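Asker: 3D, please:
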Amino acid sequence: MRKAMFFLAAGVVLAAAGEPAAPSDTADKYFQQALGLIRQHHRNRSQVNWAELVPRAQILMADAKRPADTYPAIRFILGALREPHSFLVEPSSIPTNNDSASAKPSERSPVSPPMPTSKITDGRFGYLRLPELNTLGSDGQSLGAAYTSSVRGALLRMEQSPLCGWIIDLRGNGGGNMWPMLWGLDPLLGKPPFGFFVLPDGTKQAWIRSMGNIFPSAEALPPSPPAFEIKQSLCPRRHFDRAAHSQFR
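Answerer: Below is the predicted model:
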């Protein structure tokens with residue numbers, strides 16, 4: 001009898017020792033904050049069983065001490081929502097220019113993301129290549145402003161030539177912050193709406209131009225003209241037909 005009781009007691013001790021410790025308050029607070037944002041804003045939030053999903057995710061953050069220890073659990077939840085445009089960006093991957101007051105000039109290493117490039121191709125088309133734009137980080141606003149300024153400057157320079165049209169090259173553009181792109185392309189966009197966001201409840205937010213800006217809105221607001229104008233140059237019909245015939249015959 002004593003032997004049986006000994007083995008039973010030992011089994012209880014081993015089971016208790018094998019249980020993972022609960023996450024720290026710091027880690028759990030971080031996870032709960034991320035979870036709240038996902039449950040509030042994700043477009044597929046109504047398509048999962050949260051009562052089952054959350055406990056499974058929390059298994060991955062057992063013993064978590066730091067916010068970084070909760071990343072696997074957060075990524076597990078995002079993956080279960082099956083929407084490829086939502087992902088976790090770790091602080092270490094956010095560009096920084098190390099421009100703090102404590103940084104020495106020799107320690108500063110500005111990050112220079114690719115900016116739009118332009119040229120006149122075939123002597124009659126304005127070509128503009130738009131790379132993706134990441135505005136996360138402390139210098140995001142200035143990067144967005146530089147991107148917009150680069151697009152506008154390219155359009156204004158190229159319009160000085162007798163152009164037949166414009167080519168906007170989005171190859172290799174993985175996305176990011178699209179608003180500086182639209183602000184730069186403003187005079188080429190035509191009349192709004194330029195696109196839509198469709199919310200989980202079916203509400204549409206149109207991309208509009210109003211009050212001198214481009215932004216999403218579910219309300220009908222008075223339109224405004226583009227922030228700047230460019231010449232609407234037209235290719236001479238005879239020249240275009242001859243060039244097209246030469247190219248495609």
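
Asker: what residues are up against the residue lying closest to Gly212 once chain neighbours are set aside?
Answerer: Nearest non-adjacent residue to Gly212, counting by C-beta to C-beta, 6 or more residues apart in numbering: Ser224, 5.4 Å away. To be clear about C-beta, it is placed using only N, CA and C from the backbone, and glycine gets the same treatment. Neighbouring residues of Ser224 by C-beta atoms under 8 Å, 6 or more residues apart in numbering: 209-213.

Asker: mind checking how far Ile210 is from Gln32?
Answerer: For residue 210 the amino acid is Ser, not Ile. Using C-beta to C-beta, to the nearest Å, one obtains 38 Å as the distance from Ser210 to Gln32.

Asker: So for the two, which sits in the more crowded spot?
Answerer: Ranked by neighbour count (other C-beta atoms under 10 Å), Ser210 and Gln32 place Ser210 first, with 15 against 12.

Asker: Now do the contacts for the closest residue to that one other than its chain neighbours.
Answerer: On the basis of C-beta to C-beta, 6+ apart, the spatially nearest residue to Ser210 that is not a chain neighbour turns out to be Leu221, at 4.1 Å. Contacts for Leu221 (C-beta under 8 Å, 6+ apart) come out as 208, 210-211.

Asker: could you redo the last one with a cut-off of 10 Å?
Answerer: Each residue near Leu221 by C-beta atoms under 10 Å, 6 or more residues apart in numbering is listed here: 192, 206, 208-211, 215.

Asker: What about the contacts of Ser224, which are in helices?
Answerer: Counting by DSSP state H, those place none of their members in helices.

Asker: and those residues, which of them are in strands?
Answerer: Counting by DSSP state E, the part of the contacts of Ser224 found in strands is 209-210, 213.

Asker: quick check, nearest of those to Gly79?
Answerer: When those are compared for distance to Gly79 (C-beta to C-beta), Asn213 comes out closest, at 35.6 Å.

Asker: Phe125: how many residues sit nearby?
Answerer: Counted with other C-beta under 10 Å, the burial measure for Phe125 works out to 17 neighbours.

Asker: thinking again about what came up before, go through the ones in strands among the contacts of Ser224 and name the one nearest Pro55.
Answerer: Ranking these by separation from Pro55, with C-beta to C-beta as the measure, puts Asn213 on top at 44.3 Å.

Asker: Distance check, that closest one against Pro114.
Answerer: 25 Å.

Asker: The residue nearest to Gly212 should be in a strand, yeah?
Answerer: No - secondary structure assignment (DSSP: H, G, I helix; E, B strand; the rest coil) places Ser224 in coil, not in a strand.

Asker: Name the single longest helix found in this protein.
Answerer: Looking only at the chain and at elements set by DSSP H, the helix with the highest residue count is helix 140-158.
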